[in-house]
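In: Predicted model and sequence follow; I will ask about them next.
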Amino acid sequence: MNYAPIIVFAYDRPDHLSQTLNALAKNDLAPQSVLYVYCDGAREWGGYAIEDRRLKIEDSKGNYITKRYGKMVCTKEEYDAYVQRIAEVRKLAKEQIGFKEVHVVEREHNIGLADNIVGAVTEIVNRYGRVIAFEDDIVTTHGCLTYLNDALELYKDDEQVMHISAWMYPNKGQFPTTFFYDSPYPAGGWATWKRAWQHFNPDTADHVRYWENNWREFDIEGEDYLSRQLIGNLNGTLKTWYIKWYSSMRRMGGLCLYPGTAMSNNIGWDNSGETSTPDTKYNIAHPAEYTEVKRVPIVRNKKAFRYIRVWYSGHWYSKRYRIRIYNKIRRLFGLKEI
C-alpha cells in the first residue's frame, strides 16, 4: 500500500510545531511516509500607536501582537521577535528527521491559515490522490497514521465517504470503534481523497444561497455557530476554510469516519493560534494508541448525532438545555414558550 503524504501547516509557533512533528515521527508509519511542512510567511509591520493597545492580542508568551488590515501593529522589538519565531519554525521543519522524505514549503508572503490549507491540500491531493493533514498544534498517538491510512484504503471507492477524522469528542467509551457522522471535524488531524476534495467549493456566497432557507438543517449540531461562521465569511469578518468544506460535503451527502476515541490532542487551545481561544473542553484525557478499521455501515450514527448536539449545547443538566426541554413540553400542551 502507498501511504498517504502528510501535510503539516505551520506559521510562528516553534514550540507547538516541535511537539506536533516529534509525535508524528514516533508513529509506526512515519519512516514510510513523506512529510510536507507548509510554512506561512510573515505579515508586514504596521507600525505602532498607543491607541492600538486596545486592539491587542496577547499570545502565549505574553507578547503584544495586534493584527489590523493584514499587518502586525506592535513595537519594532515585538515585530522582530515575531519574525524570529517564523524563522525558528522553518529551521525546525528543515531539521526534522524520522520520515521517508521531508519537504518544506516556505511562503514568501503571509496568505493566512485558510489559504495555506486549501492551497496545500489541493496541490498534494491532486499529485498523490490522497492526503493526511495536521495543523501545527496536533499531538498524535503512535497509531494515528496507521488508522488514517487504513481508513483511506478501506473506503477509497466509497463516494459517500469524504473525510476521515483522527479526533472524536470527549466521551466515556460509549461509541463503536469507528462510525460515521455528517460533520468533518478538522482540528485534530484528518484525511481525504482527490475524488472527495474535487467537490470543495470555495464560493461562500453560493453556499449561503443554497442554505439560506434551511439553516436549521445546516446547523446540524443544534446551535447556530456553523451558520454564523458561514455568514462571517460572507461579510468579511471571518476567513476560514472548514465551513466551506463542511457545506460542500453536506451538499454532496458526504459523511466523515470518526474513531470511537480520539487519536490526537489539540494543544493549541491556549490563545496562541490564528483561530483558537483558551478552552479545555476539547482536551482528551486518554487518547487511543491504536484503532482497528473495519467496514461499518455508511450511515449517520444516531447515537453520535444526539451526543454531539448535547455536547455543543452544554451538558444535559445545563440551564440552556433544561429550558429547551421545558419549552418542548409546553408546546405539547399548547402553552407559550418561556
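Out: Received it, and whenever you're ready, just let me know what you need. Residues are numbered from 1 along each chain as shown.
In: where do the helices sit along the chain?
Out: Per DSSP state H, the chain carries helices over the ranges 14-25, 76-94, 112-128, 144-154, 194-197, 204-211, 215-218, 225-235, 242-252, 302-313, 319-332.
In: Could you export those helices as TSV, including distance to residue 179 and mean neighbour count?
Out: Every C-beta, even on glycine, is put in place using the N, C-alpha and C of the backbone. Below are the helices of the chain laid out as TSV (distance: least, Cβ to Cβ, whole Å; neighbours: other Cβ atoms under 10 Å):
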stretch	distance to residue 179	mean neighbour count
helix 14-25	25	21
helix 76-94	35	16
helix 112-128	24	18
helix 144-154	12	23
helix 194-197	18	19
helix 204-211	25	16
helix 215-218	21	14
helix 225-235	21	17
helix 242-252	16	21
helix 302-313	6	15
helix 319-332	23	11
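In: Which of these comes out lowest on mean pLDDT?
Out: The weakest mean pLDDT among the helices of the chain belongs to helix 319-332, with a mean of 62.
In: thinking again about what came up before, could I get the helices of the chain in CSV, plus columns for distance to residue 36?
Out: Below are the helices of the chain laid out as CSV (distance: least, Cβ to Cβ, whole Å):
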stretch, distance to residue 36
helix 14-25, 12
helix 76-94, 9
helix 112-128, 6
helix 144-154, 14
helix 194-197, 15
helix 204-211, 27
helix 215-218, 32
helix 225-235, 26
helix 242-252, 19
helix 302-313, 31
helix 319-332, 42
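In: out of those helices, nearest to residue 39?
Out: If you check each of these against residue 39 by Cβ to Cβ, helix 76-94 wins as the nearest, at 5.2 Å.
In: The helices of the chain: which one's closest to residue 177?
Out: Smallest distance to residue 177 across those (Cβ to Cβ): 10.0 Å, for helix 144-154.
In: now the angle between helix 14-25 and the closest one, please.
Out: Calculated by axes from the mean of the first three to the mean of the last three Cα atoms, to 10 degrees, helix 144-154 forms an angle of 60 degrees with helix 14-25.
In: returning to what we had before: the helices of the chain: which one's closest to residue 5?
Out: Checking those against residue 5 by Cβ to Cβ gives helix 112-128 as the closest, at 5.2 Å.
In: Tell me which residues are up against the closest one.
Out: Residues from elsewhere that reach helix 112-128 (Cβ atoms under 8 Å, 6 or more residues apart in numbering): 2, 4-5, 7, 9, 11, 36, 38, 40, 105, 107, 111, 131, 133, 135, 192-194, 197, 200, 202, 239-241, 274-275.
In: any idea of the angle it forms with helix 225-235?
Out: Calculated by the same axes, to 10 degrees, helix 112-128 forms an angle of 100 degrees with helix 225-235.
In: pretty sure residue 304 contacts residue 181?
Out: Yes. In this structure, residue 304 is within contact of residue 181 by Cβ atoms under 8 Å, at 5.1 Å.
In: Mutual contacts of the two, please.
Out: Residues touching both residue 304 and residue 181 (Cβ under 8 Å, 6+ apart): residue 258.
In: This completes my enquiry, with thanks.
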